[in-house]
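J.: 3D model of this:
(chains A and B)
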Amino acid sequence: MSYLDNILFAILLVIGFGFFAASVKKIIRNINLGVDVDRKDNPKARWKNMALIALGQSKMVRRPVAGILHIFVYVGFIIINIELLEIIIDGLFGTHRIFAPYLGVVYDVLIASFEILAILVIVAVTVFWIRRNVVRLKRFINSDLNGFPKSDANYILYFETVLMILFLLMNASDYHLQNVPGGVFHKAGSFPISQFIAPIFNGISNESVVLLFEVFWWLHIAGILVFMNYLYFSKHLHILLAFPNTYFANLQPEGQFDNLESVTKEVKLMMDPNADPFAAAPPADENAAPAKFGASDVHDLNWVQLLNAYTCTECGRCTSSCPANQTGKKLSPRKIMMDTRDRLTEVGKNIDANKGVFVPDNKSLLNDYITPEELWACTSCNACVEECPVNISPLSIIMDMRRYLVMEQSAAPMSLNAMMTNIENNGAPWQYSQQDRLNWKNEN
Amino acid sequence: MSESLVVPTMAEMLAEGKQPEVLFWVGCAGSFDDRAKKITKAFVRILNRTNVSFAVLGTEESCTGDPAKRAGNEFLFQMQAMMNIEVLNAYEAKKIVTACPHCFNTLKNEYPELGGNYEVIHHTEFLKSLIDDGRLTVEGGQFKGKKITFHDPCYLGRANKVYEAPRDLIEKLDVELVEMKRSKANGLCCGAGGAQMFKDAEPGNKEVNVLRTEDALEVKPDIIAAGCPFCNTMLTDGIKHAHKEGEVKVMDVAELIANAQDL
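T.: So this is what the prediction gives:
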């Protein structure tokens, strides 16, 4: 082997990781377009959430079939990364199974477990494909997924299957070459699955099998690099972002909605008996953005909500548990997340095209992506939040957008305006006098 | 049944120089809604029977602001909150009990940041503590052997993870407590939360309360127990929609306890 292979491999790696790094940078920049929110408190509880929910997959198994199959794919993904390390070293230095001599029996165990995981991944991915395309589970054929999202989901499954098949073929040809008379490759590893695939190479010349091995090897590693770069365009980012997302997720009780600080200031001023109603407004801070209540676009959301949008893998558990969606309303919590991400991507492209500055495009998340009809259908029941396997909160986005509709646009449904007028005038959502609050005591 | 209710107000208590053990936050539904008033009275009958020292704010109580907040009107919510906090703090309220999970959630979670720090408990938790302390003994009475299913209010269950107190109370009644297919963390909303109570639903193919009532009717209960005045209304409407009002009743857990003791 000349050094050409090694150099080619190094170039491939640099390109693969280079593009990936650029994508990661863009994602971080876009997430930082969000408003700041403090999620650094209580690191102990945050690490625990990450360990249990992201690493431990505790919320996935609430739906056991999908949950257990997902664990196969997830463990497969993590474990096979160890093998990837060896592949990269072999590729860079022209070695073959460099870990084998150092690890001895452990190496055999490792390779054997990779093989078993690979076959489990293929099984799981096949079942996933059947659930989406043959059984057609409701949450997978919902109109939220029309177009690219539906294909995206299938591409990911095809990708994973092809990668696992390449991995097994690579091992099978390796096993064949280790066991031909004279042994072309040195003996390394244990191959519980691929030894049964190896006979397909019988009767092919050693040179050809070596060539095939090289082809499988290259396609496998190149495929992984392509897949890694596909993440940026796909819903599959959750394999990385689930970890920060669960770490930064809300720790308060689900029923607790944040109190807007800007409103607190105004209300306090309003209720301060010493406030001078005729005083001149305090000098405005020239750099301060004009205060806006609630959210009409991605800039108004906080960065955790934007991180949520990138993390969402569109599994649809939220939507399938949403009372509004189950009763035929337009609201779909998954669509709220997908829309937020789509709009954020659009804003990001706008910034890229305009040398780092966002040029207003007369569009916004509200109306152009999410309609008031969807927002008003929410019962704030928290089913979507509870269901999400990675602690995304579609509800917090819905609430921030309702705030914009009500406080900036006075665009609440008529009946809600009546309810709010009642609270304002007589301290109850209905038209009863506050003086009658205790009448029940003497009624029969 | 005929004995009149003793309902002191915080103002009366203060005039006598007394501080009650607990402040009963009645809430708007509990004060004005005909169905919910029965729940209020049932709870008070238990409080009276067990000689719990309590008081209400009466005409000084005002909406917590929950429906305004969930509708998006943070201004109105915070105005209500700050006015209520001033009143509560003036009376030096420490412990608040309420039969409304929406008031419960708001007082417990959203008031502290605005200056209102109280120990807030739901009436099912309070009743449970009365039993645990031996102040209230419960027997099945008229409900013995009946089949009862409990509907988790979102703002009590998922929102604040109170799942067991209402169930513990129901089980004290020597009844058969059956769970719906979706319960506790997976419970389905009744359709009233998030200010939906005060508006028409968006176009769809079914009402949420009808769907939830179907869940309940599937387990063929004699009684659907609720712990929220709004759930109670929604489920009662659902029962009417299903023409089952002759067979299935919707009752608050406090009513079950009070009626079982013939209070």
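J.: C-alpha from now on. contacts and neighbour counts both.
T.: Fine.
J.: any idea how far A:Met270 is from the residue most central in space within chain A?
T.: By C-alpha atoms, centre = their mean, chain A has its centre lying nearest to A:Thr311, at 1.9 Å. Separation of A:Thr311 from A:Met270 (C-alpha to C-alpha, to the nearest Å): 41 Å.
J.: Quick check: residues of the stretch 151-263 of chain B near chain A?
T.: Proximity of the stretch 151-263 of chain B to chain A, by C-alpha under 8 Å from any C-alpha of the partner chain, involves residues B:154-155, B:158-160, B:185-189, B:191-196, B:198-208, B:211.
J.: ok, residue 152 - contacts?
T.: Defaulting to chain A. Neighbour list for A:Asp152: A:234-235 [criterion: C-alpha atoms under 8 Å, 6 or more residues apart in numbering or on different chains].
J.: To clarify, I was referring to chain B.
T.: So B:Asp152 contacts B:163, B:183-184, B:187-188, B:226-227 (C-alpha under 8 Å, 6+ apart).
J.: out of the residues you listed, who has the most neighbours?
T.: Highest neighbour count within these: B:Leu188, with 27 neighbours (other C-alpha atoms under 10 Å in any protein chain shown).
J.: From what I see, it and A:Pro323 are in contact.
T.: Yes: assessed by C-alpha atoms under 8 Å, B:Leu188 is found in contact with A:Pro323 at 6.6 Å.
J.: list the buried ones in the helix or strand containing A:Leu225?
T.: According to DSSP states H and E, A:Leu225 maps onto helix A:206-230. Residues A:206, A:209-210, A:212-213, A:216-230 are the ones in helix A:206-230 that count as buried (16 or more other C-alpha atoms under 10 Å in any protein chain shown).
J.: what residues does stretch A:172-187 touch?
T.: Contacts of stretch A:172-187 (C-alpha under 8 Å, 6+ apart): A:188, A:191, A:194-199, A:201, A:206, A:209-210, A:212-213.
J.: pLDDT weak spots in chain B?
T.: Scanning chain B for pLDDT under 70 picks out B:1-3.
J.: mind listing the helices for it?
T.: Secondary structure of chain B by DSSP state H: the helices cover B:10-15, B:27-32, B:34-49, B:66-71, B:74-90, B:101-105, B:123-132, B:164-171, B:208-218, B:229-241, B:253-260.
J.: Ok, which of the ones you listed comes nearest A:Gly147?
T.: helix B:208-218 (29.5 Å; C-alpha to C-alpha).
J.: What is the closest one packed up against?
T.: Other elements packing on helix B:208-218 under the criterion 3 or more C-alpha pairs under 8 Å, 6 or more residues apart in numbering or on different chains; DSSP states H and E are helix B:229-241.
J.: residues in contact with the residue in the stretch 151-300 of chain A that chain B sits nearest to?
T.: Across the stretch 151-300 of chain A, no residue is closer to chain B than A:Gly255, which sits at 4.0 Å (C-alpha to the nearest C-alpha). Taking C-alpha under 8 Å, 6+ apart as the criterion, A:Gly255 is in contact with A:382, B:105, B:109, B:155, B:158-160.
J.: Specify the local secondary structure of it.
T.: Under DSSP: H, G, I helix; E, B strand; the rest coil, A:Gly255 falls in the coil class.
J.: how close does it sit to A:Ile7?
T.: Going from A:Gly255 to A:Ile7 by C-alpha to C-alpha gives 57 Å.
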